[in-house]
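S.K.: need a 3D model of the sequence below.
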Amino acid sequence: MSAKLSRQDIARVAAHDIPDGACVNLGIGLPTLIADYVPAGVELMLHSEQGLLGLGPAPAPGEEDYDVINAGKSPVTLLPGASVFSHSESFLMIRGGHIQIACLGAFQVAANGDLANWTVDAPNQIPGVGGAMDLAAGAEQVWVLMEHCTKDGQPRILQQCAYPLTAPGCVDRVYTDLAVIDITAAGLVVRRMAEGWTLADLQAVTGAPLTLATDWSVYRPPVLGE
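M.R.: Below is the predicted model:
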């Protein structure tokens, strides 16, 4: 065992996997970093649930405008042609099936795709499922970006979630600091795995059975400029 990806590298990999032209919601936390790593020549419509479509990368230092923020309340830029609209209109887009991929953070993901990304006892937070419930139900695909384990080493990918569910059976793919895992009818399939790790190593920190794809590849961030 050796390499793990940073949060920035997880976001960079996911950004390169999103198909050109897709409409993508960026949820609070790690997914908001995706806006900084959209490859050159790729046009994505990045959506934020509070009412923005056309998010760009983070502004340069000193150019922040705190009237233009993402779902995590961090300042962002808007690309030419971007739209600003009400919260209610944003959720009409979400519930109407106009979001192709919802990229969300999570506390836990189950082997069958159940998602738990809210908790009733998070410190300094008001308990509530928020807009993630609508995104999980309304998006064509749900990709989760998260660390593979908790700070005390416990798996976040489990046979069954222990936290309250945001939505059942909604997750299609998980990006962690160790692997890219698809959730399929046949179970959890490892598509990419961090350099130096074996399936046995990965299984030891995962709370549900894994299968290694026959065409699996080493999990590493794209080279800058690709």
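
S.K.: report the longest strand in this structure, please.
M.R.: strand 210-219 (DSSP state E).

S.K.: just the mean pLDDT for it, thanks.
M.R.: For strand 210-219, mean pLDDT rounds to 97.

S.K.: that one pairs with which strands, and in what direction?
M.R.: strand 187-194 (parallel) (DSSP bridges).

S.K.: next SSE after the partner strand?
M.R.: Remark: after strand 187-194, the chain's next helix or strand is helix 199-204, criterion DSSP states H and E.

S.K.: which of the residues in the lowest-mean-pLDDT helix or strand in the chain are buried?
M.R.: Least confident element among the helices and strands of the chain, by mean pLDDT, DSSP states H and E: helix 132-138 (a mean of 89). If you call a residue buried by 16 or more other Cβ atoms under 10 Å, then helix 132-138 has these buried ones: 132-138. Placement of C-beta: from N, CA and C, glycine included.

S.K.: only C-alpha atoms, please: export the helix or strand following that helix in CSV.
M.R.: Counting by DSSP H and E, the next helix or strand C-terminal to helix 132-138 is strand 141-145. What follows is strand 141-145, C-alpha atoms only, in CSV (Å, rounded to 0.1, in the frame of the first residue of the first chain):
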residue,chain,number,x,y,z
GLN,A,141,-26.8,9.7,-12.3
VAL,A,142,-25.3,10.2,-8.9
TRP,A,143,-21.6,10.3,-8.3
VAL,A,144,-20.3,10.4,-4.8
LEU,A,145,-16.9,12.0,-3.9
